[in-house]
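Undergrad: Next one to model:
(one chain, ligands or ions: 1)
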Amino acid sequence: MKKALLLSLCLALALLMAPAASMARIQFVTIGTGGVTGVYYPTGGAISRMVNKKAKTYNMKATVESTGGSVFNINAVLNGDLEFGIAQSDRQFQAVNGMKEWDGKPQKKLRAVFSIHPESITLIASDESGIYSLADMKDKRIAIGNPGSGQLGNSRDALALAGLDEKTGIKAEYIKAVEAASALQDERVDAFFYTVGHPNGSIKEATAGRIKVHIVEIPDVQSLIAKYPYYAKALIPMKFYPNATNKTDMAATFGVKATLVTSSDISDDIVYAITKEVFDNLEAFKKLHPAYSVLTKENMLEGLSAPLHPGAVKYYKEAGLM
Ligand code: GLU
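TA: Below you'll find the model as predicted:
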């Protein structure tokens, strides 16, 4: 009896130890994303999926975390809380050059890996609010983005374009994008800003309710583009949101790019693995979200302002991209 117990104990122990021993060298990396109804969250999932197929080869496993967005992700990567983060190209530029949230403090450890889908500054308003231009936002309740989000900076630039100030010109709300669609439908806000790829769950949700809504066009952006190198004109295809009351096929606005960033503290092997798996399997990767349809290996090296991580450079040289 005792012998049997000892034997089964040994067996149980062996079973417990075996996976532990083989997993001992696996490195876990976490990718910071955004709200679950955005495009960053599924993007983190798509990147993880590519590299996790080769988990054994690389001895690494990637996981995803939902976060407050670009600014949060950059700071978390810099202080070592996350290994990777998705961040808007304008936020990458500002962090590296010590501007906006990083005013006077250039972030020397920030490294670029590659850029991903285009994101557009999306202002979505209820028809009832009467907001059809930036200037119409005067005295209205506008969700301009949570601290930590990328869009908070873009909303501020858009407000400035209309000569409005977030303290006096509008009633600013700082709720997360994931809560903004229901706030619009519940008439708690008149409009919200979201800098995001299309299509996405948040704008779909905002257009799917009882309240009629539309995307506000922001066509006059020349002065903004002249002032900031990271902005470009952009168009939102309205076919993605058939319930919105827009009359045209495309809504004009301005945009940036989503990018993958990391820190100089992260090893070349890890960054190489992620870069190689996404680039070598780009066609499979592109099938994971419609916002990736425009991606090419070449344009994924554009829009980066932090120094490239050496692990990524190693792959780009091997692949003849550099
Ligand atoms: N661009 C947003 C941000 O930086 C996130 C968009 C998304 O989650 O897709 O906060």
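Undergrad: Run through who's touching stretch 311-321.
TA: The contact list for stretch 311-321, computed with CB atoms under 8 Å, 6 or more residues apart in numbering, reads 111-114, 266-273, 275-276, 279, 297-298, 301, 308, 322. In short, each C-beta sits where N, CA and C put it, glycine included.
Undergrad: now the residue nearest to Ser129 when sequence neighbours are not counted: how far from the ligand?
TA: Leaving out its chain neighbours, the residue that sits closest to Ser129 by CB to CB, 6 or more residues apart in numbering is Asp190, at 3.7 Å. Distance, Asp190 to the ligand, by CB to the nearest ligand atom, to the nearest Å: 21 Å.
Undergrad: dump the residue contacts of Asp190.
TA: Ala125, Ser126, Ser129, Ile131, Met137, Lys140, Arg141, Ile142, Leu184.
Undergrad: want to throw those into CSV with neighbour count and pLDDT?
TA: Shown next, in CSV, are those (neighbours: other CB atoms under 10 Å; pLDDT from 0 to 100):
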residue, neighbour count, pLDDT
Ala125, 23, 98
Ser126, 21, 98
Ser129, 21, 98
Ile131, 21, 98
Met137, 27, 98
Lys140, 19, 98
Arg141, 18, 98
Ile142, 27, 98
Leu184, 26, 98
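Undergrad: Next, format these as TSV and append secondary structure and distance to His289.
TA: Output for those, formatted as TSV (DSSP: H, G, I helix; E, B strand; the rest coil; distance: CB to CB, whole Å):
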residue	secondary structure	distance to His289
Ala125	strand	26
Ser126	strand	28
Ser129	helix	30
Ile131	coil	29
Met137	helix	30
Lys140	coil	32
Arg141	strand	31
Ile142	strand	28
Leu184	helix	24
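Undergrad: Would you convert those into CSV that also reports distance to the ligand?
TA: Formatted as CSV, the contacts of Asp190 follow (distance: CB to the nearest ligand atom, whole Å):
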residue, distance to the ligand
Ala125, 19
Ser126, 22
Ser129, 23
Ile131, 21
Met137, 20
Lys140, 22
Arg141, 20
Ile142, 16
Leu184, 17
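Undergrad: Quick check: pLDDT value at the residue nearest to Ser129.
TA: Each residue has a pLDDT score; the one for Asp190 is 98.
Undergrad: circling back to that earlier point, widest-spaced pair of the contacts of Asp190?
TA: Distance extremes for those: the farthest pair is Met137 and Leu184 at 13.7 Å, using CB to CB.
Undergrad: between these two, what contacts are shared?
TA: Asp190, Ala191.
Undergrad: mind listing the helices for the stretch 101-250 of the chain?
TA: Ranges of helices in the stretch 101-250 of the chain, per DSSP state H, counting those that start in this stretch, are 151-161, 177-185, 201-207, 222-227.
Undergrad: and the first one, average pLDDT?
TA: Read it as helix 151-161. Mean predicted lDDT for helix 151-161 stands at 98.
Undergrad: outside of that helix, which residues touch it?
TA: Outside helix 151-161, the residues that reach it (CB under 8 Å, 6+ apart) are 69, 71, 88, 90-91, 94, 100-101, 121, 123, 134, 137, 142, 144-146, 165-166, 169-170, 174, 177, 193-196, 218, 220-221, 223-224, 228, 231, 256.
Undergrad: Turn the buried ones among these into a named PyMOL selection, would you?
TA: To isolate the buried subset of these in PyMOL, counting by 16 or more other CB atoms under 10 Å, use the following:
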select buried, resi 69+71+88+90+91+94+100+101+121+123+134+137+142+144+145+146+166+169+170+177+193+194+195+196+218+221+224+228+231+256
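Undergrad: Could you tell me which of the contacts of helix 151-161 belong to strands?
TA: Counted as lying in strands by DSSP state E, out of the contacts of helix 151-161, are Gln88, Ile121, Leu123, Ile142, Phe193, Tyr194, Thr195, Val196, Val256.
Undergrad: From Ala208, how far out is the fourth one?
TA: Right, Ile142. Ile142 is 21 Å from Ala208, where distance means CB to CB, to the nearest Å.
Undergrad: since we're on the closest residue to the ligand within the stretch 101-250 of the chain, how many residues are nearby?
TA: Residue nearest to the ligand within the stretch 101-250 of the chain: Gly150 (2.5 Å; CB to the nearest ligand atom). The local packing of Gly150 (other CB atoms under 10 Å) involves 33 other residues.
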